[in-house]
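> here's my sequence, what's the structure:
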Amino acid sequence: MKIGILQTGHAPDALIETTGDYDVMFANLLAQNGVTFQGYAVVDGEFPANGAEDADGWLITGSRHGAYEDHNWIRPLEDLIRDIDAQKKPLIGVCFGHQIIAQALGGKVEKFDGGWAIGRVSYDQNGDTVTMNAWHQDQVVDRPDRARVLAGNAFCENGILAYDDHIWTVQPHPEYGADFIQGLIDHRGRGVVPDDVLDAAAADLHGPVSNPEIATFMKAFLTKERT
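As a prediction, the model looks like this:
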């Protein structure tokens, strides 16, 4: 099985040597027997030549860009999302990926008036708590009619969304560990995110997260048989 990773941003240069870029981070997170990964740097204009046909399943990464911004790769990416959806191929979106999928399917994304979510954040998932590292100010503020809310909290109502049986999207980052969040604080946060928000996140970096459980779910979601 081949999973296409649609890369909509790049990790900070200072972190890539240790973690790899976002496509590598997801390939490492989701590695399993019988699955291969191919990255497409759509942020740099690199798209799969045959659209949705070029992979059996897809994942859209995070980005420092906004889904509502006027970049020349946004509309082609939305078209590809709709093509993947029409073919009912499995699709996962993370952070920006979560947002651009919602936007492509009729939802609305904007900068949230409540500010930033940085570091460990917990979400209610049908009475259970899941915790992941977040790094966002943008949010899905109006979800598409088809979208079902699977998890959220008072700050981010649309934390995890699902569309039918083949699209699953998540606002926080199951691929980010404590070290990566610290790297973002050091290399992207200061001067952009309020210092008190960054300081609070840094003080809480090493608590438990649900990344292994979410990764297991994502692997199964991408590879399960669908009728």
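> tell me the buried residues in the lowest-mean-pLDDT helix or strand in the chain?
In the chain, the helix or strand scored least confidently by mean pLDDT, DSSP states H and E is helix 13-19, which has a mean of 94. Using 16 or more other C-beta atoms under 10 Å as the test for burial, helix 13-19 gives 15, 19. Bear in mind the C-beta positions are built from the backbone N, C-alpha and C, glycine included.
> what is that helix packed up against?
Helix 13-19 makes packing contacts with helix 178-184 when contacts are defined by 3 or more C-beta pairs under 8 Å, 6 or more residues apart in numbering; DSSP states H and E.
> then the helix it packs on to CSV, C-alphas only?
Written as CSV, here are the backbone C-alpha positions of helix 178-184 (Å, rounded to 0.1, in the frame of the first residue of the first chain):
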residue,chain,number,x,y,z
ALA,A,178,8.2,17.6,23.6
ASP,A,179,11.6,18.2,22.0
PHE,A,180,9.9,19.4,18.7
ILE,A,181,7.6,21.8,20.6
GLN,A,182,10.6,23.2,22.4
GLY,A,183,12.3,23.7,19.1
LEU,A,184,9.3,25.5,17.7
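> which helix or strand lies directly C-terminal to that helix?
Elements were assigned by DSSP states H and E; along the chain past helix 178-184, the next helix or strand is helix 195-203.
> could you pull out the buried residues of that next one?
Here helix 195-203 shows 197-198, 201-202 as buried, counting by 16+ other C-beta under 10 Å.
> on that earlier part again, can you give the contact residues for the least confident helix or strand of the chain?
Residues lying outside helix 13-19 but in contact with it, judged by C-beta atoms under 8 Å, 6 or more residues apart in numbering, are 10-11, 25, 179-180, 183-184, 186-187.
> mind checking which of the residues you listed are buried?
The neighbour-count criterion (16+ other C-beta under 10 Å) marks 10-11, 25, 180, 183-184 among the contacts of helix 13-19 as buried.
> the closest residue to Ile81 other than its chain neighbours and Val121, how far apart?
Spatial nearest neighbour of Ile81, excluding adjacent residues (C-beta to C-beta, 6 or more residues apart in numbering): Ala104 at 4.1 Å. Computed with C-beta to C-beta, to the nearest Å, the distance linking Ala104 and Val121 is 25 Å.
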